[in-house]
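Novice: sequence plus the predicted model coming up.
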Amino acid sequence: MPLGVETIWRPQYRANGTRGPQFALLACPYQEIFFGGARGGGKSSGMLGHWVAHAQKYGRHARGAFFRRRFTQLKEVQRQASELFPRLGATYGKAEKTWTFPNGATLYLGHLWDAQDADAYQGWALTWICMEEITQWPNLDAMNKLRGCLRSSEGVKCVLLATGNPGGPGHQAAKQRWVDPAPSGMRPITDPETGETRVFIPSRLEDNLALIRNDPGYERRLMALGNSQLVKAWRYGDWDCTFGGFIDDLWVPSRHVLKPFTIPPSWTYRRSFDWGSSRPSALLMWAISDGSPVREMGGFVFPRGSMILFSEWYTVAKDASGNVKPNEGLRLTNQALGHGIAERSRGRTWSGCVADPAIFTEMGRESIYAEIKKAAAEKGHVLNFGRANNDRIGGWQKMRDMIENAAEERPEKPGMWVFNTCINFLRTVPTLQRDESRPDDVDTDQEDHCGDAARYACNSVPKTVARGRFVTGG
């Protein structure tokens, strides 16, 4: 008879001798669990222990799948599994990528690049799914597709688990789903739409007594990472930090994020727009400095040509409790978008406005822009967007340049600032991640719509400025 899980694997105690989060993981009654936070918190070990408990309870009716975004990333999981599972009598079939236990339980180890890959698992009946390092996926689409595979006709209690650390392309999606509703964790979160309950179980280095004892230098190596944001994320599990992203080396919230102030009357206004339907649309409204001082900031002078994002309209869906559904649009019609832009543009004169060039294309019908412009005219507003310069690499570099200029204590070149009321820009842009294959670009699978709209604005700056007003230059 195989050894019991309690004799070959035990959940970790904390360094102070109290029970650590792995105990809570094994006892958790909820359908969806997010486990993790800091590096060294025992995530992989906890997942394997959880699976063994599930397999022993349900026997041949237990069917599990353990996913990473790349198969090579499963190497450490497979190493730990190879030390643990054979002691329970389990064998690994390399061709099937599956561990089979004497009682008939099976655990498949596979990679899942994106939601399209998830289609390959359509028809599978699984009782246990783990998505390890969930923040390596740019969104939760792949995970959500796999939900349809969680089912059992034998009464098995199905569970979906995810692990992760702060950072990565899916940082915001994970933070929004599991961390923001209960930042300290250990509190059930009831989904207002499905009624299902999920929970965040935080885990940090001090929760892994075995690692602390066996590798006492690990904490020093974490503290020596150099990047303070990286230390906050990996050592302390701080989900409010930004690192590893496209602008994290330049972004200083204390410099770039401003309390709203009265815009000087001689400044000008422009807009930039990124269209979306199933994904959000982003309308960004900018005040452009002509060098006039801002009284409410003690006479601070923004260099001439600086851009201050003072308002946004972001058409993102929300659940019944008012929480944002990351990267899910409201599916507004072009008429509704036109009306909305018109209503938010009243009372100001706009110039130098730009939009995604794709919306100007006519594909056997009136262009998206033409429909939006016609709808805006119904509200008495004349829309004047031009095609944005869509040079991605050049645009992101110009945006980085302006962010870098704004970080100076006394900036001398045009910079970019943001009012703290522009919550969707601040939620999505500072954590944008680089594209793995094109490091000078961002990963387009992320929630990048505010970023794209800002890039359009930076990359399509009018050629000249005269008398405090922009001249479009054609």
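Specialist: Okay, I see it.

Novice: make sure Lys43 is actually in contact with Glu132.
Specialist: Yes: between Lys43 and Glu132 there is a contact under C-beta atoms under 8 Å: 7.1 Å. Every residue, glycine included, has its C-beta placed from N, CA and C.

Novice: the more surrounded of these two?
Specialist: In this view Lys43 and Glu132 are compared by other C-beta atoms under 10 Å, and Lys43 has more residues nearby, 27 against 22.

Novice: number of nearby residues for the residue nearest to that one when sequence neighbours are not counted?
Specialist: For Lys43, ignoring the flanking residues on the chain, the nearest one in space by C-beta to C-beta, 6 or more residues apart in numbering is Thr163 at 4.1 Å. Counted with other C-beta under 10 Å, the neighbours of Thr163 add up to 24.

Novice: what is in contact with Lys43 and Glu132 at once?
Specialist: Thr163 (C-beta atoms under 8 Å, 6 or more residues apart in numbering).

Novice: kindly report the domain assignment for the protein.
Specialist: 5-234, 253-471 (automatic domain parsing).

Novice: tabulate those (a markdown table), appending distance to Ile247 and mean pLDDT.
Specialist: Below are the domains of the chain laid out as a markdown table (distance: least, C-beta to C-beta, whole Å; pLDDT from 0 to 100):
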| stretch | distance to Ile247 | mean pLDDT |
| --- | --- | --- |
| domain 5-234 | 12 | 90 |
| domain 253-471 | 6 | 92 |
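
Novice: for Asp240, which of those domains is the nearest?
Specialist: domain 5-234 (8.2 Å; C-beta to C-beta).

Novice: what helix or strand does Gly110 sit in?
Specialist: strand 106-111 (DSSP states H and E).

Novice: name the SS class of the residue nearest to Lys43, please.
Specialist: strand (DSSP: H, G, I helix; E, B strand; the rest coil).

Novice: again, but for Trp251
Specialist: coil.

Novice: one step back: which strands or helices does the helix or strand following the strand holding Gly110 pack on?
Specialist: Toward the C-terminus, strand 106-111 is succeeded by helix 115-118 as the next helix or strand (DSSP H and E). Helices and strands touching helix 115-118, by 3 or more C-beta pairs under 8 Å, 6 or more residues apart in numbering; DSSP states H and E, are helix 141-146.

Novice: need the residues that contact the helix it packs on.
Specialist: 65, 67, 112-115, 117-119, 121, 126, 129, 131, 134, 137, 160, 162.

Novice: go again using 7 Å as the cut-off
Specialist: Leu112, Asp114, Ala115, Asp117, Ala118, Tyr121, Ile129, Met131, Ile134, Ala162 (C-beta atoms under 7 Å, 6 or more residues apart in numbering).

Novice: can you check stretch 159-167 too?
Specialist: Stretch 159-167 is contacted by residues 31-39, 43, 47, 50, 128-135, 143, 147, 150, 174, 233-234, 237-239, 241, 243-244 when judged by C-beta under 7 Å, 6+ apart.

Novice: how far does that stretch sit from the chain's center?
Specialist: Put simply, stretch 159-167 sits 13 Å off its chain's centre (C-alpha atoms, centre = their mean, to the nearest Å).

Novice: check stretch 229-238 too.
Specialist: 16 Å.

Novice: ditto for stretch 132-149
Specialist: On C-alpha atoms, centre = their mean, the centre of stretch 132-149 falls 12 Å from that of its chain.

Novice: and it, end to end?
Specialist: Stretch 132-149 has an end-to-end distance of 17 Å (criterion: C-alpha to C-alpha, to the nearest Å).

Novice: same check, this time on stretch 81-89
Specialist: 12 Å.

Novice: for it, buried residues please.
Specialist: Neighbour counts using 16 or more other C-beta atoms under 10 Å place Ala81, Leu84, Phe85, Leu88 of stretch 81-89 among the buried residues.

Novice: which pair of those residues spans the longest distance?
Specialist: Across these (C-beta to C-beta), the longest gap, 10.4 Å, separates Ala81 and Leu88.

Novice: quick one: the closest residue to Pro303 other than its chain neighbours and Pro192, what's the gap?
Specialist: In this structure, Pro303 finds its nearest non-sequential neighbour in Pro414, 5.1 Å apart by C-beta to C-beta, 6+ apart. To Pro192, Pro414 is 44 Å away according to C-beta to C-beta, to the nearest Å.

Novice: got the buried residues for stretch 414-424?
Specialist: Buried, per 16+ other C-beta under 10 Å, within stretch 414-424: Pro414, Gly415, Met416, Trp417, Val418, Phe419, Cys422, Asn424.

Novice: can you flag which of those residues belong to strands?
Specialist: The strands in this structure, assigned by DSSP state E, contain Met416, Trp417, Val418, Phe419 from the buried residues of stretch 414-424.

Novice: and for the nearest residue to Phe85 once chain neighbours are set aside, the neighbour number?
Specialist: Distances taken as C-beta to C-beta, 6+ apart place Trp99 nearest to Phe85, at 5.4 Å, with adjacent residues excluded. Neighbour count for Trp99, taken as other C-beta under 10 Å: 26.

Novice: can you get me the start-to-end distance on stretch 315-335?
Specialist: Per C-alpha to C-alpha, stretch 315-335 runs 14 Å from first to last residue.

Novice: next, the buried residues of it.
Specialist: Those would be 315-317, 323-330, 332, 334, for stretch 315-335 by 16+ other C-beta under 10 Å.

Novice: max pairwise distance over those: which two?
Specialist: Pairwise across the buried residues of stretch 315-335, and taking C-beta to C-beta, the largest span is found between Asn323 and Asn334, at 27.0 Å.

Novice: pretty sure His381 sits against Ala342.
Specialist: Yes: His381 is within contact range of Ala342, at 3.6 Å (criterion: C-beta atoms under 7 Å).
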